[in-house]
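Novice: need a structure here:
(2 chains)
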Amino acid sequence: MRWPVSLILGLALSGVFVAAALLSFFWTPHDHETMAIADRMLRPGEGHLLGTDHFGRDILSMIMVGARTSIAVAIVAVGIGIVVGVPLGLLAAANRGGLVDEVVMRGNDLVFAFPSLVIAILITAVFGPSAVNAIIAIGIFNIPVFARVARGAALPLWTLDYVMAARVAGKGKLRISVEHILTNIANILIVQGTIQFSLGILAEAALSYVGLGAQPPTPSWGRMLADSQTMIALAPHMAVFPGLAIVFTVLGLNLVGDGLRDILDPRLRRAR
Amino acid sequence: MASYVFARLLSLCVSLIVASVVIFTAVEVVPGDPASFMLGMNASPDAVAALREELGLTGSLPERYLSWVGGMLTGDFGTSYTYRVPVAELVAARLWVSLPLTFYAMVLSTLIALPVGMLAAARRGRPADLTVMGTTQLGIAVPNFWFAMLLVLIFAINLRWFPAGGFPGWEAGFVPSMTALTLPAIALALPQASILARVMRSSVLETLGQDYIRTARAKGLSQRQTVVRHAFRNALIPVMTILGLQFSFLLAGAIIIENVFFLPGLGRLIFQGITQRDLIVVESVVMLLVFSVILVTFLVDLAYAAVDPRLRRRG
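Specialist: Numbering: from 1, shown residues only, chains lettered A, B, ... in the order given. Here you go, the predicted model:
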């Protein structure tokens, strides 16, 4: 089967940033923490490919190290959503109309009433700003997303013949959920995971931009943008490059999500 | 219709009660004692005790919850610890920045997205459609606050068409105020418009595949007439769901964007509240934000019933 163009393009784009994050553990063009006031706000090119910031730190190196923060926060937040949300959704679908189903669906409605940023504000107001609290804030919002998607995808499967056959064979609901339902909705969950991953990157950037995410000296794309704000007239490159890093990563992940959906969802493929 | 409205109203009240309990618990129970939290580690026990008295922390938890909720129902949001003025006053002044900004952005986003989405659907697979799909794919990936900074760089610093930030206040006149809100509203609206245009496109495409559209074409209506008269209204239902969600995103986005443009709105208030550990301000503003989102969800549900008669009958 041929890979969709969006998948290839998406993998290439987001792959660059994952590779940059991994590479930054071993090598960066300059040390990302070294300040050199004499070299501050250098334009791109002069020994620093993407220029330097207002402390003379190398922007390319900071973007590479910042990629670690963005990717780590988003991945763990997606992990929280999957680990808690998917079992809840499976349980709700297995006992449709039951108490768990009702609680999961109403809980869902409630979480959607809190914009994720407001949850984050509440959490950081109480526990203080940090990368860990940003992860929790984004992760909590991922739970109902995955619960809803898992439930929605699992519900129609319960009426299918092979699930009936498994029940007749004496398998319990739990075992059927794990052995038959989960394996058959994994595709949809992977696609949703990619989308939530990209939303997580955006959310982390927004949180660290307003100072509620990773704290200094941990570099993050959002805080680089916040730092650049007052210098934007003098050194526009300080604002442009971290922003482009966010855009390309998110764009890449969204394209991967679209491409995966084309491959993994046979119904969509037929519809095309 | 009456039973439908009643059912929605009931769910509105339940959501509000649960949300208020969650917020109250998060702010007043989790960090331990709010008085010592607000004063910091080096506060003297006397000062903490005095603040506890002032904040009304001496009662039991249910008592405090009821007095908080009861106060909000009568418009009393408590007194800000740092500003020493009623929170309701602080909020009211800032609401007149955040809400107009949110609605401005929502109007812009809708005005751009609906025609663009319809155009893309009507020209499916042709260059116009591909351009729309490509641009919106990019638009979804752009963080609104970064987009805002680029707008400032181009339209405020280089071209000098708009102010780079600040807000003159409504008493300075409608035009200067709206001018100050224009760049923030565009920054908020365009990424959301990308999402909305895509939803509109797929929704119109779906309706265009229905039998009644074929009938309309068969009886001699042009493609254009069919899209405008028949597909548009039917395609609006999923779009309205997204519009409801967009209000929530735009309001949250407004809170962030206000930082880029130094707008004295709810966002500034809430972040100042956090840095100054003014829990009363944070608690009330968060509740207010959640209330607006729940209220808009309720209104969207009612609007469904107005657009789609089938929902009314089902109750």
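
Novice: Break down the stretch 51-200 of chain B into its strands, ranges please.
Specialist: Listed in chain order, the stretch 51-200 of chain B contains no strands at all (DSSP state E, counting those that start in this stretch).

Novice: got the residues of it near chain A?
Specialist: Residues of the stretch 51-200 of chain B lying close to chain A (C-beta under 8 Å from any C-beta of the partner chain) are B:137-138, B:140-143, B:145-146, B:149-150, B:152-153, B:157. For glycine as for every other residue, the C-beta is placed from the backbone atoms N, C-alpha and C.

Novice: Would you mark the buried spots in the helix or strand hosting residue B:3?
Specialist: For residue B:3, the host element (DSSP states H and E) is helix B:2-24. By neighbour count with 16 or more other C-beta atoms under 10 Å in any protein chain shown, helix B:2-24 contains the buried residues B:4, B:8, B:11-12, B:15-16, B:18-20, B:22-24.

Novice: which one among the residues of the stretch 51-200 of chain B next to chain A gets closest to residue A:248?
Specialist: Within these, the smallest distance to residue A:248 is 7.8 Å, found for residue B:141 (C-beta to C-beta).

Novice: ok, which stretches of the chain are helices?
Specialist: In the absence of a named chain, this looks at chain A. Per DSSP state H, chain A carries helices over the ranges A:5-23, A:59-80, A:86-94, A:99-113, A:116-127, A:131-157, A:161-168, A:173-176, A:182-209, A:221-228, A:237-264, A:266-271.

Novice: try chain B instead
Specialist: Using DSSP H, helices in chain B cover B:2-24, B:34-39, B:45-55, B:61-73, B:87-122, B:127-141, B:144-151, B:174-208, B:211-218, B:223-226, B:232-261, B:266-275, B:279-307, B:309-314.

Novice: List just the one of the ones you listed that sits closest to residue A:236.
Specialist: helix B:144-151 (8.8 Å).

Novice: So what touches that closest one?
Specialist: Residues outside helix B:144-151 that contact it (C-beta atoms under 8 Å, 6 or more residues apart in numbering or on different chains) are A:205-206, A:209, A:225, A:228-229, A:232, A:239-240, A:243, A:246-247, B:183-184, B:186-188, B:190-191, B:253, B:256-257, B:259-261.

Novice: returning to that earlier point: close to chain A as well: tell me which of the buried residues of helix B:2-24 qualify.
Specialist: Answer for the buried residues of helix B:2-24 near chain A (C-beta under 8 Å from any C-beta): B:11, B:15, B:18-19, B:22-23.

Novice: Deepest-packed of the helices of chain A, please.
Specialist: Mean neighbour count (mean count of other C-beta atoms under 10 Å in any protein chain shown) peaks for helix A:221-228 among the helices of chain A, with a mean of 25.

Novice: now check that one, is it near chain B?
Specialist: Yes - with C-beta under 8 Å from any C-beta as the measure, helix A:221-228 is seen reaching chain B through A:225, A:228.

Novice: Could you list the low-pLDDT ranges of the chain?
Specialist: Looking at chain A here, since you left the chain open. A:1, A:41, A:46, A:56, A:113, A:265-272 (pLDDT under 70).

Novice: look at chain B instead
Specialist: Residue ranges of chain B with pLDDT under 70: B:1, B:30-34, B:41, B:56, B:309-315.

Novice: burial count for residue 232?
Specialist: Because you didn't say which chain, this covers chain A. 21 (other C-beta atoms under 10 Å in any protein chain shown).

Novice: I was after chain B.
Specialist: 17.

Novice: Does it touch residue B:117 like I think?
Specialist: No - applying C-beta atoms under 8 Å as the test, residue B:232 and residue B:117 come out as separate, 10.2 Å apart.

Novice: what sits in contact with each of those two?
Specialist: Contact with both residue B:232 and residue B:117 is made by residues residue B:204, according to C-beta under 8 Å, 6+ apart.

Novice: Looking at the helices of chain A, which is nearest to residue B:291?
Specialist: helix A:99-113 (9.0 Å).

Novice: Is the closest one in proximity to chain B?
Specialist: Yes - using C-beta under 8 Å from any C-beta, helix A:99-113 reaches chain B at A:106, A:109-110, A:112-113.

Novice: can you tell me which residue is nearest the centre of the chain?
Specialist: Went with chain A since none was named. Nearest to the mean C-alpha position of chain A, by C-alpha atoms, centre = their mean, lies residue A:197 at 2.0 Å.

Novice: Oops, wrong one, chain B.
Specialist: With distances taken as C-alpha atoms, centre = their mean, residue B:251 lies nearest the centre of chain B, 2.7 Å away.

Novice: Of the buried residues of helix B:2-24, just say which sits nearest to residue B:82.
Specialist: residue B:23 (19.6 Å).

Novice: My guess is that closest one contacts residue B:282. True?
Specialist: No - the criterion here is C-beta under 8 Å, and residue B:23 misses it with residue B:282 at 9.3 Å.

Novice: Between these two, which contacts overlap?
Specialist: residue A:122.

Novice: ok, now which ones touch residue B:259?
Specialist: By C-beta under 8 Å, 6+ apart, the neighbours of residue B:259 are A:209-210, B:145, B:267-268, B:271.

Novice: could you list every residue that touches the residue nearest to residue B:26 when sequence neighbours are not counted?
Specialist: Once flanking residues are discounted, residue B:26 sits nearest to residue A:122: 5.2 Å by C-beta to C-beta, 6 or more residues apart in numbering or on different chains. By C-beta under 8 Å, 6+ apart, residue A:122 lies in contact with A:114, B:23, B:26-27, B:282, B:286.

Novice: So what's the residue count around the closest residue in space to residue B:170 that isn't next to it in sequence?
Specialist: Excluding the flanking residues, the one nearest residue B:170 by C-beta to C-beta, 6+ apart is residue B:177, at 5.3 Å. By other C-beta under 10 Å, 18 other residues sit near residue B:177.

Novice: From residue B:247, how far out is residue B:177?
Specialist: 21 Å (C-beta to C-beta, to the nearest Å).

Novice: How about residue B:198?
Specialist: Residue B:198 is 18 Å from residue B:247, by C-beta to C-beta.

Novice: same question, residue A:188
Specialist: Relative to residue B:247, and taking C-beta to C-beta, residue A:188 is found at 28 Å.

Novice: what about the nearest residue in space to residue B:258 that is not next to it in sequence, neighbour count?
Specialist: The shortest distance from residue B:258 to any non-neighbouring residue, by C-beta to C-beta, 6+ apart, is to residue B:267 (3.7 Å). Residue B:267 is flanked by 28 other residues according to other C-beta under 10 Å.

Novice: Just confirm residue B:267 contacts residue B:261, I think it does.
Specialist: No - proximity of residue B:267 to residue B:261 does not meet the contact threshold set by C-beta under 8 Å, at 10.1 Å.

Novice: and the stretch 151-272 of chain A, which of its residues are near chain B?
Specialist: Applying C-beta under 8 Å from any C-beta, we find that the stretch 151-272 of chain A lies next to chain B at A:198, A:202, A:205-206, A:209-212, A:225, A:228-229, A:232-233, A:236, A:239-240, A:243, A:246-248, A:250-251, A:254-255.

Novice: one more time with 7 Å
Specialist: Within the stretch 151-272 of chain A, the positions near chain B by C-beta under 7 Å from any C-beta of the partner chain are A:202, A:205-206, A:209-210, A:225, A:229, A:232-233, A:236, A:239, A:243, A:246-247, A:250-251, A:254.

Novice: what's the burial count for the closest residue to chain A within the stretch 201-315 of chain B?
Specialist: Going by C-beta to the nearest C-beta, chain A is nearest to residue B:252 of the stretch 201-315 of chain B, at 3.7 Å. Look at residue B:252: counted by other C-beta under 10 Å, it has 23 neighbours.

Novice: Check residue B:248 too.
Specialist: Counted with other C-beta under 10 Å, residue B:248 comes out at 24.
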